[in-house]
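> Sequence and predicted model, in that order:
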Amino acid sequence: MLPGVIEFVLAAIGAVVFGTFAEYFIHRAMHWGVLHPEGHARHHELNEARTFLLDFVDYGIGAALLGWFGFLVSWTSGAGWATGAAIYTVLASYSHQIQHANADLVFWMKRPVHRLHHNLDMRDKNFGILVDWWDRLFGTYRSVEYLRDARPRRARDFLAIPWR
Ligand SMILES: [Zn+2]
Ligand SMILES: [Zn+2]
């Protein structure tokens, strides 16, 4: 048996990774036309990301549906997995917003894949939002030249998204 704190942390990390995996396939399913295709087509037309709060509710519905799995293992895994699902929801909502608002700030990926997915109207490439791992693994990563604005970044730039 793992000590409780390690079990909790591993379950939380597992849920964040699983969240990025679910995000990849849910976004792909939208482009296959099987999940919420009209709403997503509209998101592409407008090329805007509404607000952090609305994304948080959208992604949070998915996270709530998938966020209880850990309880099949134990109370500790359940609490860790649910916490990870909540952390994932915050990170993914933020990543979506900042890529629409100011993609140059996306320092955790080589290229802001979601911004490129929109700007270059890639309906079959770059489905990732928080990370680009699954695109790379499943062959949908498209690397186009992306030049970042080299100006120094201020903390407040990272907060300049439509929050609600
Ligand atoms: Zn978007
Ligand atoms: Zn899309």
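That came through, no problem. Ligands and ions are numbered 1, 2, ... in the order given.

> the helices in this protein, which residues?
4-32, 37-46, 52-66, 75-102, 113-119, 133-138, 155-158 (DSSP state H).

> and the last one, what other elements does it pack with?
The one in question is helix 155-158. Based on contacts counted as 3 or more C-beta pairs under 8 Å, 6 or more residues apart in numbering; DSSP states H and E, there is no element that helix 155-158 packs against. In short, each C-beta sits where N, CA and C put it, glycine included.

> Out of the helices of the chain, flag the one nearest residue 127.
When these are compared for distance to residue 127 using C-beta to C-beta, the nearest one is helix 4-32, at 4.3 Å.

> Can you list the buried residues in the closest one?
By 16 or more other C-beta atoms under 10 Å, the buried positions in helix 4-32 come out as 7-8, 10-12, 14-16, 18-20, 22-24, 26-28, 30-31.

> any chance of the helices of the chain in JSON lines, with distance to residue 145 and mean pLDDT too?
Formatted as JSON lines, the helices of the chain follow (distance: least, C-beta to C-beta, whole Å; pLDDT from 0 to 100):
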{"stretch": "helix 4-32", "distance to residue 145": "23", "mean pLDDT": "97"}
{"stretch": "helix 37-46", "distance to residue 145": "22", "mean pLDDT": "92"}
{"stretch": "helix 52-66", "distance to residue 145": "28", "mean pLDDT": "96"}
{"stretch": "helix 75-102", "distance to residue 145": "17", "mean pLDDT": "98"}
{"stretch": "helix 113-119", "distance to residue 145": "10", "mean pLDDT": "95"}
{"stretch": "helix 133-138", "distance to residue 145": "17", "mean pLDDT": "98"}
{"stretch": "helix 155-158", "distance to residue 145": "23", "mean pLDDT": "94"}
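
> quick one: residue 9 and residue 81 touch, right?
No: no contact is recorded between residue 9 and residue 81 when judged using C-beta atoms under 8 Å, the distance being 11.0 Å.

> ok, residue 71 to residue 36 distance?
In this structure, residue 71 and residue 36 are separated by 27 Å, where distance is defined by C-beta to C-beta, to the nearest Å.

> again but with residue 137, I slipped
Distance of residue 137 to residue 36, computed by C-beta to C-beta: 24 Å.
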